[in-house]
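Provide a 3D model corresponding to the input given below.
(chains A and B)
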Amino acid sequence: MLADNLMIIGVNHKVAPVEIREKLAHTGDCENPVVTLKNMSGCNEGCFLGTCNRVEVICAGDGSDELAMAVRHMLFARSNLSDTEALRYSYTYRGQEAILHLFQVAASLDSMIIGEPQILGQLKKAYRQAVENNGVGTILNKFINKSFSVAKRVRTETNIGSNAVSISFAAVQLAKKIFGSLEYKRVMLVGAGEMAELAAEHLLAQGIEEVVVANRTLANAVKLARQFKGRAVSLEDLVDELENIDILISSTGARGLVLRREDVKPVMRQRMNSPLFLIDIAVPRDLDPELNNLDNVYLYDIDNLTDVVEVNKSAREKEADRAGRIVQEEAVKFAAWLESLAVTPTIIDLRDKIETIRRAELERTMPRLSSLTRKQQQTIEMMMTSMANKILHHPTLFLKADKRSCVQQERINLVREMFDL
Amino acid sequence: MALLFNLTFLVYIVAAVFYVVYFINQKNDIRTMAHLILVGGGLLHTAALVARYLTDGHTPITNMHEAVSFFAWSMTWGFLIFRWRYKVKNFGTFVSILVVLLMTVSAVSSQEVIPLPPALRSNWLPIHASIALMADAFLAMGFCGGVMYLLQENEIKSRRFGIFYERLPSLEALDNLNHHCLTVGFPLLTLGIITGSIWAKQAWGTYWQWDPKETWSLITWFIYAALLHFRFTLGWRRRRAAIISIIGFGAALFTLWGVSYLLGGLHSYVG
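Okay, the predicted model is just below:
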């Protein structure tokens, strides 16, 4: 079955801690992962997706365990983990499961913040890179493009995207409860990410005075700062800048804490106890949970913000359920398409065979029926065509049918044997 | 006269009930009604004070019943005047409850009209006592602001949102409220102490003689003075300001009641 040739091996925030994720293969590696994939024996097509929360290898090939192991070896090359450990920190999906997984990823149902819009863009980029490196053939081309349209369908038919929006809206509401008016307040973005930018945009709409962007690489900070007409600083200046800002949104990929209680405590005195609202979107946390125990410091992480929108929780869960059903429905459809792809050659052969017989018989018989009128001859031809179609009908259905009791390959073999194809 | 007082008390209770209902269901017409009822209570209270003045023949601030009743009256009108200048969401609920509590204290105190002791027969009596009680009224409003601040801050800090998060205004607004009440209450407190001191000079020949009430009013004054001073120099605002204004109000209440009941002293006739 063709669907079984599809395989996804990946690592995400659910199965592996950041210490492991950090040491995985990356899009920016000197040896392009797509090229590496293509060179593996048994792998016909391959695509590599790497984001801060996940790494996924999508491939179409022989679906063998050897291939899976080779992929794991590539993913975990830098981590010095044995294959057994690599197996523990990763997931391997084949066939129907792989289809469902990719659709869920694309629809942002597998994301840390369900419904965040970033992942689809990242997947599109990964697809583009795979195309550029000739990693994509018929199957992956159809598969990945289908995941885009599924994501689009989920986005238009459910309200799943509003979840991320409502979280950043909750951040704005909280900021207002702390500061009253947000005019003349300064917000700082540490690190970058869709959620942080979304929240910053919402805050700007409330009349925020200035956006300061801090990033490990200053160039990225400058780029983002320009987007918000703000100022860029390097990450080393973070603590010094704390004196001048009111709201801080942190979403770095750093492994450890970016800001500790001891860093902030002296700053609070300089700030004359004017409040500091800290929002930690990063996983793992950027900001010391102890910070919340400082007077006039209010620390919220993504779970806390999600709780703020508690009121809409049941609505959100309903949307997620609906999205899940759409994804499942599409996955089943796609699997059916893939299966039909498997039987297509047999059906074509079968039709060819019957057509050849029909033609041969017509050519043999027609000269002997020359006494008939043109119209009568046509009627006989039509009768033969319709007979051929009627004979073909049930074998075709038999091939396409979704009969669990009988493996498709066996059915194909049976038909081929029966008709001597 | 007692009827007028009891009627006022009842109207205040109704106003407080309406404010509490408004606090729960947040319907604007309920708030309007609560506000109107409170205005009615304030007017009745004024009438009650005037009636009492006519019966007493002097400003009715000489015993606990009268003093606390005047305290509640000042608070009601202080709030209504404040509200006219600037509105703080659901402030009325807290103020009206405190007014009812004060009225309860006043109602259970002896309402007997006692002839004025000779020491109190002075024009300074209405000036000193009313200023001191008005100071207490504004400090009481600051106390309400402080309590509201702590309730709101507790929900924001603990990230568990109960009934207060939506209903109370922002921390910034509550801190401002606290400060505004203080900027009115503190000068009045200062003035109350000064007028008392001048009166003491006239009555007893010395400005200050460390009687317990004087001492405690000075302690109260220092608490609030520290809060005002350090607000600007060290940034004592928000949570700290809220806590100190609650402590300060405690000291003010102790000056009003505790001293009279527990420590005695020259002021002990007021109680």
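
Residue 131 is in what secondary structure piece?
Using chain A. helix A:118-132 (DSSP states H and E).

looking at chain B here, not the other one
helix B:124-158.

Next: residue A:300.
Assessed by DSSP H and E, residue A:300 sits inside strand A:297-301.

quick revisit: helices or strands next to the helix holding residue B:131 in the packing?
Judged by 3 or more CB pairs under 8 Å, 6 or more residues apart in numbering or on different chains; DSSP states H and E, helix B:124-158 is in contact with helix A:162-179, helix B:64-85, helix B:91-108, helix B:164-167, helix B:171-204, helix B:238-253. Glycine gets a C-beta too; all of them are placed from N, C-alpha and C.

Could you list the alpha-carbon positions for the third one in PDB?
Read it as helix B:91-108. Provided in PDB are the C-alpha atoms of helix B:91-108 (Å, rounded to 0.1, in the frame of the first residue of the first chain):
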ATOM      1  CA  PHE B  91     -15.700  52.400  45.100                       C
ATOM      2  CA  GLY B  92     -19.200  53.200  46.400                       C
ATOM      3  CA  THR B  93     -19.700  49.600  47.400                       C
ATOM      4  CA  PHE B  94     -16.800  49.700  49.800                       C
ATOM      5  CA  VAL B  95     -17.500  53.200  51.100                       C
ATOM      6  CA  SER B  96     -21.200  52.500  51.700                       C
ATOM      7  CA  ILE B  97     -20.400  49.300  53.600                       C
ATOM      8  CA  LEU B  98     -18.000  51.200  55.800                       C
ATOM      9  CA  VAL B  99     -20.500  54.000  56.300                       C
ATOM     10  CA  VAL B 100     -23.100  51.400  57.500                       C
ATOM     11  CA  LEU B 101     -20.500  49.900  59.900                       C
ATOM     12  CA  LEU B 102     -19.800  53.300  61.300                       C
ATOM     13  CA  MET B 103     -23.500  54.000  61.700                       C
ATOM     14  CA  THR B 104     -23.900  50.700  63.500                       C
ATOM     15  CA  VAL B 105     -21.200  51.700  66.000                       C
ATOM     16  CA  SER B 106     -22.900  55.100  66.400                       C
ATOM     17  CA  ALA B 107     -26.300  53.400  66.800                       C
ATOM     18  CA  VAL B 108     -25.200  51.100  69.600                       C
END
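
who in chain A is up against chain B?
Applying CB under 8 Å from any CB of the partner chain, one finds that chain A approaches chain B through A:174, A:176-181, A:269, A:271-275, A:292, A:295-296, A:298, A:300, A:304, A:307-308, A:310.

Torsion angles phi and psi at the residue of chain B most remote from its centre?
Distance to the chain centre peaks in chain B at residue B:159, reaching 32.1 Å (criterion: CA atoms, centre = their mean). Note on residue B:159: backbone dihedrals following degrees, to the nearest 10 are phi 60, psi 20.

what's the closest non-adjacent residue to it?
Leaving out its chain neighbours, the residue that sits closest to residue B:159 by CB to CB, 6 or more residues apart in numbering or on different chains is residue A:304, at 4.5 Å.

does the residue nearest to residue A:300 when sequence neighbours are not counted sit in a helix, a strand or a coil?
Take residue A:300 and drop its neighbours on the chain: the residue closest to it by CB to CB, 6+ apart is residue A:279, 5.4 Å away. With DSSP: H, G, I helix; E, B strand; the rest coil as the basis, the three-state label of residue A:279 is strand.

show me the contacts for whichever residue of chain A sits closest to chain B.
Closest to chain B within chain A is residue A:272: 2.8 Å, counting by CB to the nearest CB. By CB atoms under 8 Å, 6 or more residues apart in numbering or on different chains, residue A:272 lies in contact with B:234-235, B:237.
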